[in-house]
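K.L.:
below are the sequence and a predicted model; questions follow.
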Amino acid sequence: MKWNIPVAVSAAMLWLALVLAVAILADVLRPFGITALDLRARLTPPVGFGGGWAHALGTDELGRDVLSRLLVSIQMSLRIAFGATVIAAVFGTFMGFIAAHFRGWAEQIVLMLVDFQASMPFLILALSVLAFFGNSLLLFTCLLGLYGWERYARIARGLAIAANAQGYAAAIRQLGAQPMRIYLGHVLPNIASTLIVSATLSFPEVVLLESGLSFLGLGVQPPMTSLGNMVGYGREYLTRAPWILLTPSVVIVLTTLAVSLLGDWLRDRLDPTLR
Amino acid sequence: MIGFLALRLLRAALTIALVVSFAFIVLRLSGDPAMTIMSPEAPPEAIAAFRTAWGLDRPIWEQYFSYFGAILHGELGQSMRDGRPAIAVVVERIPATLMLTIPALIVKVGIGVPAGIFAALYRNSWIDRLVMALAVAGFTVPSFVLGLILVLVFAVSLGWLPSGGQGSWRSLVLPVITMSMGGAGVLARFTRSAMLEVLGQPYIRTATAKGVPWPAVVRGHALPNAAIPTVTIIGFMVGTLIAGAVVVESVFSWPGVGRLLVVAVANRDLAVVQCILLLVAATMVTSNFIVDLLYGVLDPRLRARRP
């Protein structure tokens, strides 16, 4: 396979590498604490718009440094989205394997849950759960982890049924391997590439969902900060200090764009049915 | 066909039952509403009276069955905030939401479907690339970011349009644009791939080979076949008409169902949230059912097939 990478995809990879580096090093890179107030420098505009290098991306109405908050927000949003994607992939794949292994009524129950999840708008379900369980970071991540599990379940079920009919799975079963070992050691590696592409495609959706809920004030709660949280909060200063809102918006858009470009490209590369 | 419909109806009923159970489990077991609505310092007699009034002192399974029964009788409880029936509180917001979501749906279909068709017909040309780039941009920009940027440009800087609230037709422009861009992008991509799939079929080659002019091939053979998968996506969009505007309504302070939901969630107004959840489920199930019926109209093969 020849891997000549289009310019847009390399740019996307570069951006994602940068964002990942920021997410890992946020606490080292940030010039100020996210709650450090500088009351004499309230609502300072960014460099180039009348502000100075002390606060490169300006400050908010309490004099908190926007750049520092942005870096920590990237870390928080990516952490949540990453955690949620992993949860969804593991849970969905597990359910898919259950359906493929037991067939019969277990499969029917899984398929019914899949249909239910696919037919309800996730935002509405998430809103109901969030408000009534209160809000902690762990719960929020787990809740987002339910997003898209049904896609992994469908893929895993279909591919595992196909794999079970193939020689290698039957051979290992005849050798006396336990179901756990068959599925994790042999079936999973064979279907992993499809699942990974699916995860890449659903990652930006999770980022958007997290930022949307945080924007509504129902996701990440202050004093913690996330990209959506910053946008929602910056909205109050839309006319006086648009930079508070614009910088996290740009990061959200570029990141979701980059992941979709990469995901599309990966899918075209790895999905044999499209070639 | 009758068997197919019966099966579909059964599944629709099952989905509704699942949603009702979900609502009940999540909303009742997650916390003590009496403690949330009344303050913890309230006199114990008042809390006990509140519990009796809302049936919260009975065993949970009894609450569940009476809840199911009440819903079958169309009783969806009262808003815990002002004591009015929850259904009335929700229903009075529906027209405002539809005022946004119906025009948005028309714009989505009006832009997305033709764009997808053109992109497929001129595959790999600059038209295709442009449409696909715009489509990706359309669904990767979150609606709250797009909405706020539009407000910043057209309301704050230029002062052409109002930044929010419900007023003349001018107040519709920004929210409708904000809501339709993402969906138009999704539809364009979907329509394009449906068209490409159809254009690769042997019957298209046959039609061209026997001398049918290309426009007639597209109109008579490609479009009707590509319509089938596209209708599914549009059907799903119809299902979100009631509650597809949660974020956009919040951005533009629009007094619709979506904003009601956000406020009800923040206030832990159980009855209203449940009512919206059921309403959304009902619209989703109905629109899925209609899509299934439409399949029968669009695809004669499905009419003959036995379930």
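P.N.:
It's in. For clarity, every value in this text was computed on a predicted model and none was experimentally measured. Numbering: from 1, shown residues only, chains lettered A, B, ... in the order given.
K.L.:
quick one: mean pLDDT for stretch B:18-38?
P.N.:
The average pLDDT for stretch B:18-38 rounds to 68.
K.L.:
confidence score at B:Val107?
P.N.:
So, for B:Val107, pLDDT stands at 92.
K.L.:
that one looks like it's in a helix, true?
P.N.:
Yes. Under DSSP: H, G, I helix; E, B strand; the rest coil, B:Val107 sits within a helix.
K.L.:
in chain B, what residue comes closest to chain A?
P.N.:
B:Val265 (3.6 Å; Cβ to the nearest Cβ). Using the backbone N, CA and C atoms, a C-beta is placed for each residue, glycine as well.
K.L.:
tally of neighbours for A:Ala12?
P.N.:
For A:Ala12, the neighbour count with other Cβ atoms under 10 Å in any protein chain shown is 23.
K.L.:
now the one 5 residues further on
P.N.:
By other Cβ under 10 Å, 11 other residues sit near A:Ala17.
K.L.:
show me what contacts it?
P.N.:
Listed by Cβ atoms under 8 Å, 6 or more residues apart in numbering or on different chains, A:Ala17 has no contact partners.
K.L.:
and if you look at B:Thr101?
P.N.:
Contact analysis of B:Thr101 by Cβ under 8 Å, 6+ apart lists B:Met179, B:Thr240, B:Leu241, B:Ile242, B:Gly244, B:Ala245.
K.L.:
among those residues, who's most crowded?
P.N.:
B:Ala245 (29 neighbours).
K.L.:
go ahead and confirm that one touches B:Leu261.
P.N.:
No. B:Ala245 is beyond contact range of B:Leu261, at 9.7 Å (criterion: Cβ atoms under 8 Å).
K.L.:
just checking stretch A:38-51 against chain B, any contact.
P.N.:
No. Stretch A:38-51 is not in contact with chain B by Cβ under 8 Å from any Cβ of the partner chain; minimum separation 14.3 Å.
K.L.:
tell me how far that stretch lies from the chain's centre.
P.N.:
Between the centre of stretch A:38-51 and the centre of its host chain there is 32 Å, according to Cα atoms, centre = their mean, to the nearest Å.
K.L.:
who are the packing partners of the helix or strand containing A:Asn190?
P.N.:
Assignment of secondary structure by DSSP states H and E places A:Asn190 within helix A:188-215. Contacts defined by 3 or more Cβ pairs under 8 Å, 6 or more residues apart in numbering or on different chains; DSSP states H and E place helix A:188-215 against helix A:66-102, helix A:122-133, helix A:137-144, helix A:149-164, helix A:227-234, helix A:243-270, helix B:143-150, helix B:246-251.
K.L.:
let me have the ones you listed in a markdown table, extended by mean neighbour count, mean pLDDT and distance to B:Asp299.
P.N.:
As requested, the helices and strands packed on helix A:188-215 are arranged in a markdown table below (neighbours: other Cβ atoms under 10 Å in any protein chain shown; pLDDT from 0 to 100; distance: least, Cβ to Cβ, whole Å):
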| stretch | mean neighbour count | mean pLDDT | distance to B:Asp299 |
| --- | --- | --- | --- |
| helix A:66-102 | 22 | 89 | 28 |
| helix A:122-133 | 21 | 78 | 29 |
| helix A:137-144 | 18 | 86 | 37 |
| helix A:149-164 | 21 | 87 | 22 |
| helix A:227-234 | 27 | 85 | 41 |
| helix A:243-270 | 21 | 84 | 27 |
| helix B:143-150 | 24 | 86 | 33 |
| helix B:246-251 | 26 | 86 | 34 |
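K.L.:
B:Gly69 is nearest to which of the ones you listed?
P.N.:
Set against B:Gly69 and scored by Cβ to Cβ, these come closest in helix A:122-133, at 21.5 Å.
K.L.:
that concludes my questions; thank you for your assistance.
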